[in-house]
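[1] structure here, sequence nowhere to be found:
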């Protein structure tokens, strides 16, 4: 994503907001997605405060500087929790070019369990074996930069963060990569919740097999872009206003 055209980033990120609403990952006018524009990651796009995901347009995404908190004193500042989390992540992790945070239904259920581990019971759940960070120190609604910096430190070596009693966050080197990770994370958690609901013992893959499957997913690195591109084609037929 480094050096990518800002307008192209705006359009892709707006598309992901629309898709998140279509898939039921959204929650009221809350939750936030961001994408880095500058090489150092500290200039980034973020959705405006209290804008429903289904209505987001490319032109209205905020362009923010992670090192300039004066925006919080402006008439229409970004959401405080979004600034504290996304601003801190982009300031600390230039490799995280896209950062998506939601309270999607199944992932939030798993994150709310006493043990929120994504247990490897099929190839989708195994995708996250050894690839996921877990934060069990929920401290309430994020309203200070220190909380954002704490989460950034936890995510330093991982693209997926299961946020205990809260929700999930994923990062990626492109918007499409982050979108694909979130897509499969929600699917994996849906599988796990449904499996738990049967009351039957889980057939858990061995660590060796789970690691093999997780490694096998790496060969499909370009699939996320193809997935997002084709969904954008579908959006263009239904309602292309996200591009505005």
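    Nice, thanks for sending it over. In this text the structure is predicted, and so the values were computed from the model without any measurement.
[2] residue 72 contacts residue 81, doesn't it?
    No - Residue 72 is beyond contact range of residue 81, at 11.7 Å (criterion: C-beta atoms under 8 Å). In this view, the C-beta of every residue, glycine as well, is placed from N, C-alpha and C.
[3] ok, the two, which is more surrounded?
    More neighbours surround residue 81 than the other of residue 72 and residue 81, with 18 against 12 (other C-beta atoms under 10 Å).
[4] in this structure, which spans are helices?
    Along the chain, counting by DSSP state H, helices occupy 6-22, 80-82, 88-92, 105-111, 123-126, 145-155, 175-197, 207-216, 223-238.
[5] of all those helices, which one comes closest to residue 63?
    Smallest distance to residue 63 across these (C-beta to C-beta): 7.8 Å, for helix 6-22.
[6] same for the closest one, what does it pack against?
    strand 32-36, strand 43-46, strand 98-102, helix 175-197, helix 223-238 (3 or more C-beta pairs under 8 Å, 6 or more residues apart in numbering; DSSP states H and E).
[7] nearest to residue 140, out of those?
    Nearest of the helices and strands packed on helix 6-22 to residue 140, taken as C-beta to C-beta: strand 98-102 at 15.4 Å.
[8] what pairs with that closest one, parallel or antiparallel?
    Strand pairing for strand 98-102, using DSSP bridges, gives strand 32-36 (antiparallel), strand 167-172 (antiparallel).
[9] low-confidence ranges, this structure, go.
    Along the chain, segments meeting pLDDT under 70 span 1-4.
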